[in-house]
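Asks: what would the 3D arrangement of this be:
(chains A, B, C, D and E, ligands or ions: 4)
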Amino acid sequence: MTGGAAHPTAAKATTITLAHWSSSPVELKGIRATINAFEKANPSIKVNEINLDPYPEGMLARFAARKPPDIFYVDSNVFPDWVSQGVLEPLDARMAAAHMSKKPFYPRLLDAFRYKGKLYGLPKDWSPLAMEANTKALAAAGVAAPKTWAGLTAAAKKLKAAGQPPVCLGVDLARILAFMYQNGGGFLNATKTKAIVNTSKNTAAVSTYINWIQSGLARTPAQLGMGWCGEALGKEKASIIFEGNWVTSYMHDTFPGVSWKTYPLIGAKAGNKYRGNLGFTASYSIAKDSKNKAAAFKMLQFLDGPVGQKVWISNVGYLPARSDVKPPAGRAVYLKEAPFTHPWQFAPGFSKVTDTANNELQAAFEGKETVDVALRNIQAAANAALGH
Amino acid sequence: MDDREAAPHIAPTERLARGEPPAVGTPIAAGVPGRGKGHLVGQLLLYGLLLAIAVFYLWPFYWTISTSLKTLPDSVKSLQLVPHHLTLKGYREAFTTGPFGRYFLNSAIFAITVTISNLFLCALGGYAFARLRFPLREPLFMLVLATLMIPDQMRLVPVFKLLADFPYTHWNMIATYQGYILIHLLYATNLFLMRQYFLTIPKDYEEAAKLDNAGFFKTYWRVMLPLAGPALAAITILSFQGTWNDFYWQLILLQDNSKFTLNIGIAQFASGGGFNTNWPALMAATTIAIAPVGLIYIFFQRYFIAGVTTAGVKG
Amino acid sequence: MAVATGRRRAPGRFQSVGSAKLREALVGYAFVIVPLAFFMLFFIFPIGYAMYISFFDWGILGKIGYVGTKNYRDLWHDHLFWTWPPRRGTAIWNTFYYTAIVVPAQMALGLALALAVNARIRGKSFFRAAFYFPSLTSSAAVTAIALFILNSGGLLNALLGKIEGHPVQTPWFAQSSTALESIMGLNIWTTSGTMMLFYLATLQSIPTDVYEAAAIDGTSRWRTFWKITFPLLKPGHFFVAVLSFIGCLKLFDQAFIISGGKGGPAYSTVTAVLYLYQTAIFDSHWGYAAAIGMVLFVIIFFFTLVQRLLFGRAEIGY
Amino acid sequence: MARVLFDHVTKRFDGTEAVKDFTVEVEDGEFLVLVGPSGCGKSTALRMLAGLEEVTDGRIIIGERVVNNVPAGARDVAMVFQSYALYPHMTVYDNLAFGLRNQHIPRKEVDRRVREAGEILDLAPLLKRKPKQLSGGQRQRVALGRAIVREPVAFLMDEPLSNLDAQLRVATRAEILKLQQRLDTTTIYVTHDQVEAMTMGDRIVVMNHGVLQQAGAPEELYTKPTNLFVAGFIGSPAMNLVPAEKLNGAGAGRIAGFRPEHVELGQRGGDAVQLTGRVEVREYLGDEQLVHLNVKDTPILAKLPIEERVSPGDEISLSIARDKIHLFDAETGERV
Amino acid sequence: MARVLFDHVTKRFDGTEAVKDFTVEVEDGEFLVLVGPSGCGKSTALRMLAGLEEVTDGRIIIGERVVNNVPAGARDVAMVFQSYALYPHMTVYDNLAFGLRNQHIPRKEVDRRVREAGEILDLAPLLKRKPKQLSGGQRQRVALGRAIVREPVAFLMDEPLSNLDAQLRVATRAEILKLQQRLDTTTIYVTHDQVEAMTMGDRIVVMNHGVLQQAGAPEELYTKPTNLFVAGFIGSPAMNLVPAEKLNGAGAGRIAGFRPEHVELGQRGGDAVQLTGRVEVREYLGDEQLVHLNVKDTPILAKLPIEERVSPGDEISLSIARDKIHLFDAETGERV
Ligand SMILES: Nc1ncnc2c1ncn2[C@@H]1O[C@H](COP(=O)(O)OP(=O)(O)OP(=O)(O)O)[C@@H](O)[C@H]1O
Ligand SMILES: Nc1ncnc2c1ncn2[C@@H]1O[C@H](COP(=O)(O)OP(=O)(O)OP(=O)(O)O)[C@@H](O)[C@H]1O
Ligand SMILES: [Mg+2]
Ligand SMILES: [Mg+2]
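Replies: Residues are numbered from 1 along each chain as shown, chains lettered A, B, ... in the order given. Ligands and ions are numbered 1, 2, ... in the order given. Presented below is the predicted three-dimensional model:
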């Protein structure tokens, strides 16, 4: 496919398969460039690249058929499921043998791919949430970018008063959980053995969040007739949104005319103690059933090495997983979120729990049940999935 | 479903498929003495009502086509009936951002292959079950009929596992063309329909062929198959439509973008996979998805309705 | 007269009737072997295989361990699957709620359309074609259309806004109080054409002269409908009811598309089949999914039988 | 009971005129048979009378009332359909009672009338059955029963026997006649079978292409057909119709008609036409024989007593009494 | 052309014996008619001969050959089906040629034979048409044509006329007879219509319930029926069959049969039985009349000359020549 430079030595080349997703053409270009770079550096290995969509389902089918790709992306969210089913290859021994250091990686990102003490993947990039706002709208309403919940409430009121578009908030655990962390709450305990959803801190966070929407200060994408908040920002239907780094290239490509800016994610109150964020990351991992583990690891080494990371990052503009690789320009705000960021990850068998959580949050948002009841139900579902 | 139950629906099929006017059965209303007064008013009222319903049934499709020809900003101006700025941008985008060209091709590949295999296998099997005498014919046919009672939902797990990682076969056919086609080689309803149709063909033809010294294959190929034309037309349409419109198995088995069909593409696009509510592009894709079956319907309505009525079991 | 030998004989194709019979049987088997193998492999065998899987904890890589009836017991206590007393938001009750509304609505609408189209009017084939048109489009396509028309800035809200005089922004598919109901509306609209066709087929099998006899017997139109047409439609009622019922129990496509497979908002569109899909494909809990499949199989089967008994033998001889 | 009058009645369907300027009076209590080939408009005429079709032109009168605009149910006529048109989902009892109940007749009276009709037609033991549990003949009786419980002013029957097998048909023919004699209700009976018409009707109306050809008693039609059509239609086997000059060398522009049963073998005294012909085929009828002859290249059929021995190839001589020969104008077809 | 022999042939379907111990010899060139009521096994017998059904017991011989195990296509017989079974997607020409081509007969020879058959049957202008563009009579001729092009040793015809209307049926009857006379091919013709059988057959075989009842020339069956069944089946209207004691007060255990055409009005000289009866219904037949009589509570049918004036209600006296009365054993049904 994208073999790039054809080497005459192809005869004794090993071919390995790399599976990935790509949420935009830019990403697809990026991964192909990275593969090219790898193949140039390792002429004895040829890479067969497959672009899977839907990704997790496609991978599951391949795992099930016992013919998985050799190396592939693993989303932090599905990692617990996959690793617990035994489809991933542990990396520690190979890393030790290859003298590959774990030091340069952000520890919180590494943690996301550790299972029972072993490492099963190396992060490829990441993004926390931040606050993106339409600068013209803020100016028109005469407000500065808010830093706290109270600030957001005040700003939203002024936006409304000035007839500017509202805040956009999705009723989505992948956003609300960040606010729970900001209020000192969370979802699972540190050892991931118990749910800690049903707490007063979470109740307060969720109530505040939902109240912004219910009071009309914020709107959901559905209410705005949008697919997601990023679109609302682009179409100037929302003044403030909370999204990750992916907004940057999206806005740049699709809505170059809109003036907007990234700000730090707000906190519950002022002070670092009241900050919290969600990190979305994915790893490169190797399949347990791979027949070319050595070659696959070689590729992993390259991809997660300084060179590979640089090629990838320079192409897609995401945040590198290694602290020794410079992030692209203008991403400082995101990088600064790192210390407060919790990985978007739970425990094995949690995909239905996240569905449950979203459904319960929606029910609470619609006023069909109280926030307390919703959180209690989520807690029960989570504990059930944990085997309690 | 057993023979008896489906049987009443065979008659209309034949009638319709052979191009004869449908049986009457119309309650007498017009043209009858004593219903004269108010009858004109009633007629007009009925027309008005029917037209209103027809508009209600067809409007969404007009709206779809019309939107597919609008610009993005125009598409969200809700009450613009006719596109103010006629553009094919929606179609262009459907073919570029979402690879709907590829999806269309895939849909066509699946629908056409499945149709061909159904035509071939159902005609052969239907003929054998209707006409050739061999031991255990009836029990075997009952077995085929019994499969109609097995819901696809129950089959999700075992069929997926069978195609993916069954111990001895190792087909590894998830997300492949073969896998999907394999499990759609025949629809039981088509086999049933062919058999029923062959049963309605008088035995005399075969016997005449027999006396005319024609062997089994010649009898089948030169005499029986041509006689089964309407049924073949019906299963062509049914298989094509069934496969073209399928969502469930396509979603389950085609876990790979390169094998996606229009339906899966649209579903993805519609439920936010396109990360954008680009209505003209989505409506363009939808138009493309509806067009082939719609055209077949417009041109072959007779066979279409006959086929659907007969094979109603599939619904 | 030595005719038998004297005349030129066309070479007989077969030597005797006996070998012809054998040959017929062999040809017969040859013709049905592929279909039979197909149905055995992909329909009959899966019943046993699903049953087998349902007794295991079964993951991505296959069997993890035998668990006996645990999957079934878990399902019994699974509050996402069903609850007692019935509660909206569980897979089973969502499905039944949907069924309870849609089946009668489809039947009534299908019958009404069939009657209208069966009247002696000009252009009835156009109306028939128009009413059937939505039925022949793919579920994905019509759902996409519905998403467009029913989105908060869509056509429906615009029309409602015109009527009510102020902007309406109901996100029909994005709030739990209207999501499933919107799907109901959507499917009643799409499938009523099919139901109409089946009613029409039955209507047209009622001989005209029965109506003429009724006319001469001085029967009013109203009485003709209730005493003649309606009872004579019994086979149609039965057929349409079963068809619609089973179709409803299998609701999946629209729910999947509007919720992206999640069954949201707020569980309102989790159907039994969607739940099965999530369990299998998203969660890779194949054993549990197989158990759900078996339960659905039994439910669908059971209701088909009940309906058969309820409607009695659906034959009316003329 | 009432007289029925078709007064210059015409019926047009889109293109075709099914019934043209049709005038017939049916006496009170009369048994009138409408006969003619398929598609000649018999059913249409009957259905107009029943109120199942609108009259395009002219008037239909039942009793003293012009019924053109009276709905079927209010005309007080009963109809027996070819297919019987029994309500398949009702018992025999309900089939009989349905029309009465529509008229809000008291329950007791309904019951009395139904049982009486059941008595007359031997249906008593069948009252609880549904039509599909009955034989063809029984269904036919139910159809008759449904007509008589109504105690209508006229019975209309549209080929009521054609779904019965030959034997039952003959038996039922006699039964219907007896029933009509007993009830003395005006009856209009449609058939395309001239034998049925001849054997049943007090009076027969022959139609063709929507036009009345002749109306009269059976003997009249047989002995004095007014035109070629009636001549060829009535009688079985059909009348020989040959150009008149083939018979006597004269009479150009005339068609001569004579019945096979009036052809005699050999010479004959009196005023008769003499012919010779060659026997082509001989059909044996038991007490008689049908002989297909070739007379001057014209096929002629003769019905001869069985005693006359003829065989194919024989040249034989024939005679036909002149008073048995009908002459028709070749152009107009009218009797001359 | 060949003789055909059924030699103690039996056919059993699952439960029923459709044909029982059936023995008949058909002469070379003979026109044999198989007649009997519906379901009596006529078609089954014919189909066994054609090779479309297996013989359960006994032998079937065509020419000198036992054909029990010879497949249909190799028996060299041709069949005309009731439905004609023309291949609807082929032209008339191809319909005729199909069987010949299957025998790999040279193209020229095929063409010659098809054109010849077309000539004989007047099909020449229709050769390019498809069956549905033909009238009923034309289709029938094509079916005949398909049989004759094969130049078979025997024609088998299973009710070939029953799809034609009455008039065409009579005409085609004569045509088939002429054709058979011309080709002189052994023909076995099945019908359930005794009139057809009587008029067409050189010899007639009457069957009932799978059993041969009587075989013989038409006259023989008419004048000397061997049992009650043949007596009642042959002749139209059917023979009167009454307990013998109703006629002369004696003869218990006997059934007396006499044909309606042999009942005479009034006293009669010679050896005759005298009866009186009441006229119930009178059916007019043109040159004759059918009178339904009630004689000592027994219904009796008489066919009387039209000149005799009788009307319902009359008491009339009748006589039947003794030599026209057949006597049958009431138990066995056999003629005594
Ligand atoms: N509803 C109709 N629309 C158009 N033409 C009709 C209709 N009904 C009857 N006709 C035509 O009117 C003519 C007379 O039909 P009608 O049914 O009265 O014939 P009929 O004498 O009863 O024949 P049959 O013996 O076959 O019943 C026919 O040419 C027929 O085609
Ligand atoms: N294939 C069969 N299987 C079972 N029984 C049969 C079959 N074919 C005929 N029979 C039975 O054999 C008997 C004779 O049937 P056959 O068709 O020979 O009658 P037929 O004399 O030709 O009657 P018809 O005049 O109605 O054609 C009937 O009782 C019929 O039911
Ligand atoms: Mg008629
Ligand atoms: Mg037969």
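
Asks: drop to CA atoms for contacts and neighbour counts, all remaining ones
Replies: Noted.

Asks: next, count neighbours for the residue lying closest to residue A:328 once chain neighbours are set aside.
Replies: The spatial neighbour of residue A:328 that comes closest, neighbours along the chain excluded (C-alpha to C-alpha, 6 or more residues apart in numbering or on different chains), is residue A:317 at 5.8 Å. Residue A:317 has 22 neighbours, counted by other C-alpha atoms under 10 Å in any protein chain shown.

Asks: and what of the one 3 residues further on?
Replies: The number of residues packed near residue A:320 is 26, by other C-alpha under 10 Å.

Asks: got the contact list for it?
Replies: In this structure, residue A:320 makes contact with A:124-126, A:309-310, A:313, A:326-327, judged by C-alpha atoms under 8 Å, 6 or more residues apart in numbering or on different chains.

Asks: count of neighbours near residue 123?
Replies: The chain I'm using is chain A. Using other C-alpha under 10 Å as the criterion, the residues surrounding residue A:123 number 27.

Asks: switch to chain B, please.
Replies: By other C-alpha under 10 Å, 27 other residues sit near residue B:123.

Asks: which residues does the spatially closest residue to it that is not a sequence neighbour contact?
Replies: Excluding the flanking residues, the one nearest residue B:123 by C-alpha to C-alpha, 6+ apart is residue B:194, at 6.1 Å. Contacts here follow C-alpha under 8 Å, 6+ apart; on that basis residue B:194 touches B:122-123, B:126-127, B:228, B:231-232.

Asks: in helices only, show me those.
Replies: Counting by DSSP state H, the members of the contacts of residue B:194 that fall within helices are B:122-123, B:126-127, B:231-232.

Asks: got CSV for those, with pLDDT too?
Replies: As requested, the ones in helices among the contacts of residue B:194 are exported to CSV (pLDDT from 0 to 100):
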residue, pLDDT
B:122, 95
B:123, 94
B:126, 94
B:127, 94
B:231, 88
B:232, 91
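
Asks: sec struct for the residue in the stretch 101-250 of chain A that chain B sits nearest to, please.
Replies: Minimum separation of the stretch 101-250 of chain A from chain B (C-alpha to the nearest C-alpha) falls at residue A:227, amounting to 5.5 Å. Secondary structure assignment for residue A:227 (DSSP: H, G, I helix; E, B strand; the rest coil): coil.

Asks: my read: it touches residue A:221, true?
Replies: Yes - under the criterion of C-alpha atoms under 8 Å, residue A:227 lies in contact with residue A:221, with a separation of 6.1 Å.

Asks: the more surrounded of the two?
Replies: For residue A:227 and residue A:221, the more surrounded residue by other C-alpha under 10 Å is residue A:221, and the numbers stand at 23 against 20.

Asks: quick one: residues contacting the more buried one.
Replies: By C-alpha under 8 Å, 6+ apart, residue A:221 lies in contact with A:168-170, A:227-229, A:232.

Asks: what does chain D put close to chain B?
Replies: Residues of chain D lying close to chain B by C-alpha under 8 Å from any C-alpha of the partner chain are D:51-54, D:68-72.

Asks: which of those has the most neighbours?
Replies: In terms of neighbours by other C-alpha under 10 Å, the residues of chain D next to chain B top out with residue D:72 at 30 neighbours.

Asks: and the pLDDT at the closest residue to that residue other than its chain neighbours?
Replies: In space, and not counting its chain neighbours, residue D:72 is closest to residue D:51: 4.3 Å by C-alpha to C-alpha, 6+ apart. pLDDT, residue D:51: 92.

Asks: so the residue nearest the centre of chain A, which state does it fall into?
Replies: Chain A has residue A:280 as the residue nearest its centroid, 1.8 Å off, counting by C-alpha atoms, centre = their mean. At residue A:280 the chain is in strand, as set by three-state DSSP.

Asks: how far away is it from chain E?
Replies: When distances are taken as C-alpha to the nearest C-alpha, to the nearest Å, residue A:280 and chain E turn out to be 69 Å apart.

Asks: what bridges to that residue?
Replies: On the basis of DSSP bridges, residue A:280 takes part in beta bridges with residue A:127.

Asks: what segments of the stretch 1-150 of chain D are strands?
Replies: Listed from the start of the chain, the stretch 1-150 of chain D has strands (DSSP state E, counting those that start in this stretch) covering D:4-12, D:17-26, D:31-35, D:57-62, D:65-66, D:77-80.

Asks: okay if I get those strands as JSON lines plus mean neighbour count, distance to chain C and mean pLDDT?
Replies: Formatted as JSON lines, the strands of the stretch 1-150 of chain D follow (neighbours: other C-alpha atoms under 10 Å in any protein chain shown; distance: least, C-alpha to the nearest C-alpha, whole Å; pLDDT from 0 to 100):
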{"stretch": "strand D:4-12", "mean neighbour count": "20", "distance to chain C": "17", "mean pLDDT": "95"}
{"stretch": "strand D:17-26", "mean neighbour count": "19", "distance to chain C": "19", "mean pLDDT": "95"}
{"stretch": "strand D:31-35", "mean neighbour count": "27", "distance to chain C": "20", "mean pLDDT": "96"}
{"stretch": "strand D:57-62", "mean neighbour count": "20", "distance to chain C": "15", "mean pLDDT": "94"}
{"stretch": "strand D:65-66", "mean neighbour count": "14", "distance to chain C": "17", "mean pLDDT": "92"}
{"stretch": "strand D:77-80", "mean neighbour count": "27", "distance to chain C": "7", "mean pLDDT": "94"}
